[in-house]
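> Sequence first, then the predicted structure:
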Amino acid sequence: MRILLTNDDGINAPGLYVLEKIAAQLSDDIWICAPSEEQSGAGHSLTLNRPVRLRKHAERRFSVTGTPTDAVTMGLRKVLPEPPDLILSGVNRGANLGDDVTYSGTVSAALEGALAGVRSIALSQVPVRESIGDGVDFSAAEEWGARVLRPLLDQPFAPRTLVNVNFPPLPASQVKGIRVVRQGFHDYARGSLVEGVDPRGFPYFWFGLQGIEHTPAHNTDLEAIAEGHISVTPLHLDLTHDASLKAMAERFAQERATS
Ligand code: MN
């Protein structure tokens with residue numbers, strides 16, 4: 001089984017090394033293609049206004065001067081001799097839960113893989129707190145990773161779907177288990193806005209992740225993590241809202257009838 005690894009925290013991210021250890025339990029045919037710098041919050045963006053550079057760091061280890069989507073695209077079109085059987089994105093430093101998944105470079109890298117028809121899984125380690133810097137404990141992801149992935153490799157994935165996995169902020173021994181749950185929603189994803197003045201006297205603003213409050217709905221990823229479980233959530237790219245589509249189609253049909 002050929003596996004392509006990526007990580008939106010960049011080619012040197014600690015979580016990428018954790019993912020290598022997890023992937024090594026599944027296969028010895030591992031390729032890495034990751035952004036050269038951290039790209040957290042890049043979402044599904046594609047670099048169009050400048051070239052991207054591909055760097056080879058070692059056999060089967062490459063970086064791209066672009067976004068997570070660029071890295072997966074380059075992995076599939078340029079780096080790997082044949083398509084992989086699996087794309088793993090992570091282990092992200094930080095949660096990718098609820099409606100935050102659309103900001104996520106980690107989830108978007110897996111989304112790009114899914115669009116290319118490759119089985120793709122995003123993995124994220126929730127830290128005890130966002131301001132913990134390099135002190136994130138990846139032990140839950142490291143010890144549970146292969147246990148979460150193996151059952152997912154037996155199952156067919158529907159077209160244009162991916163799986164989003166989050167590990168709770170607990171030592172591996174305290175993780176309660178694995179739950180398959182829906183994507184939840186934050187009450188209001190405002191985060192924090194830090195304001196300051198730069199050394200040259202100009203004001204700046206910095207979006208933070210603190211203070212995102214939620215009252216987790218039952219059987220959601222947010223609830224599973226809050227209760228100490230690993231969350232496993234299948235996602236799909238069809239963002240169409242079917243009920244609204246029907247109502248709108250009827251409204252426009254009325255409009256045509258009366259005009
Ligand atoms: Mn990240």
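Great, that's in hand.
> quick one: contacts for the residue in the chain positioned nearest to the ion?
The ion sits closest to residue 40 of the chain, with a gap of 3.3 Å, by CB to the ion. All C-beta atoms are positioned from the backbone trio N, CA, C, and that covers glycine. Contacts for residue 40 were tallied using CB atoms under 8 Å, 6 or more residues apart in numbering; they are 8-9, 92-94, 104-106.
> Which strands or helices does the helix or strand containing residue 20 pack on?
Element membership for residue 20, per DSSP states H and E: helix 14-24. Helices and strands touching helix 14-24, as assessed by 3 or more CB pairs under 8 Å, 6 or more residues apart in numbering; DSSP states H and E, comprise strand 2-6, strand 29-35, strand 86-93, strand 119-125, helix 139-154.
> just these: most buried one?
strand 86-93 (a mean of 29; mean count of other CB atoms under 10 Å).
> Give me the number of neighbouring residues for the nearest residue to residue 193 once chain neighbours are set aside.
Spatial nearest neighbour of residue 193, chain neighbours left out: residue 205 (6.0 Å); criterion: CB to CB, 6 or more residues apart in numbering. Here the number of neighbours of residue 205 (other CB atoms under 10 Å) works out to 8.
> Check residue 15 too.
Applying the criterion other CB under 10 Å, we find 24 residues in the vicinity of residue 15.
> In contact with it, which residues?
7, 9, 90-93, 125, 136, 138, 141.
> Got the confidence number for it?
Note for residue 15: predicted pLDDT of 98.
> residues in contact with the nearest residue to it once chain neighbours are set aside?
Distances taken as CB to CB, 6+ apart place residue 91 nearest to residue 15, at 3.9 Å, with adjacent residues excluded. Listed by CB under 8 Å, 6+ apart, the contact set of residue 91 reads 7, 15-16, 18-19, 22, 123-125, 138, 141-142, 145, 167.
> now with 7 Å?
Residues near residue 91 by CB atoms under 7 Å, 6 or more residues apart in numbering: 15, 18-19, 123-125, 138, 141.
> Check residue 146 too.
22, 25-26.
> my read: residue 89 touches residue 119, true?
No. Using CB atoms under 7 Å, residue 89 is not in contact with residue 119; the gap is 11.9 Å.
> Generate a markdown table for the contacts of residue 146, with neighbour count and pLDDT as supplementary columns.
Converted to a markdown table, the contacts of residue 146 look like this (neighbours: other CB atoms under 10 Å; pLDDT from 0 to 100):
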| residue | neighbour count | pLDDT |
| --- | --- | --- |
| 22 | 24 | 98 |
| 25 | 11 | 98 |
| 26 | 17 | 98 |
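> Check those residues against residue 235 and report the nearest one.
residue 22 (20.2 Å; CB to CB).
> between the contacts of residue 40, which has the most around it?
Highest neighbour count within the contacts of residue 40, by other CB under 10 Å: residue 8, with 33 neighbours.
> And that one, what's its pLDDT?
We have a pLDDT of 98 for residue 8.
> And for it, nearest residue in space, chain neighbours not counted?
residue 105 (3.0 Å).
> Tell me who's in contact with that neighbour.
With contact set as CB under 7 Å, 6+ apart, residue 105 has these partners: 8, 39-43, 67-68.
> now swap in residue 71 and tell me
Residue 71 touches 6, 33-35, 64, 109, counting by CB under 7 Å, 6+ apart.
> Tell me how many other residues crowd residue 110.
Around residue 110 there are 31 residues (other CB under 10 Å).
> Give me the nearest residue to residue 16, chain neighbours excluded.
Among residues not flanking residue 16 along the chain, residue 7 sits closest, at 4.0 Å (CB to CB, 6+ apart).
> where in the protein is pLDDT low?
For the chain, the stretches with pLDDT under 70 are 188-190, 210-213.
> Show me which residues of it sit near the ion.
Contacts of the chain with the ion, taken as CB under 5 Å from the ion, map to 8-9, 40, 92.
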